[in-house]
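S.K.: fold the following for me, if possible:
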Amino acid sequence: MGDLFQPTHLLIIAIILLVLFGAKRLPELGKGLGEGMKGFKEGLKGITDPPVAPTVQQTAAPAPPAAATQPQSPPANPETSFIVCTRCGGRFENPHGFKVSDFVCRSCSARS
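M.R.: Next up, the predicted model:
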């Protein structure tokens, strides 16, 4: 028995994948696979690395006058603190309060 991953074998596998999924679907599948691998690697990195304690640096900076400060944007309303996926109905956190009319989550966009 020869090597399993010879160029002719890889070519046959590529042709079968092209026939099964089509030319438009293959880049989406590759992107989803890449994102999944990236998330997996980040997850492993988070497990193996010890938690880093945040360092607090106290500097004596002069406080700006109260009249010169810009008003902060109002906190997000409870209605805008979550976004709902239009396909699966899943709720996702929206910390900045962006208004999105047609939101599709990553798992739904990978399936289409």
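S.K.: any chance you could map the strands in this protein?
M.R.: Applying DSSP state E to the chain gives strands spanning 82-84, 91-93.
S.K.: counting by contacts, list what the first one packs against.
M.R.: Put plainly, it is strand 82-84. Packing partners of strand 82-84 (3 or more CB pairs under 8 Å, 6 or more residues apart in numbering; DSSP states H and E): strand 91-93. Where C-beta positions appear, they are placed from N, C-alpha and C, glycine not excepted.
S.K.: go on, the last one?
M.R.: Contact here means 3+ CB pairs under 8 Å, 6+ apart; on that basis strand 91-93 packs against strand 82-84.
S.K.: deepest of the strands of the chain, which one?
M.R.: strand 82-84 (a mean of 15; mean count of other CB atoms under 10 Å).
S.K.: ok, it: who's next to it in the sheet?
M.R.: strand 91-93 (antiparallel) (DSSP bridges).
S.K.: identify the residues contacting the partner strand?
M.R.: Ser81, Phe82, Ile83, Val84, Cys85, Phe103, Cys105 (CB atoms under 8 Å, 6 or more residues apart in numbering).
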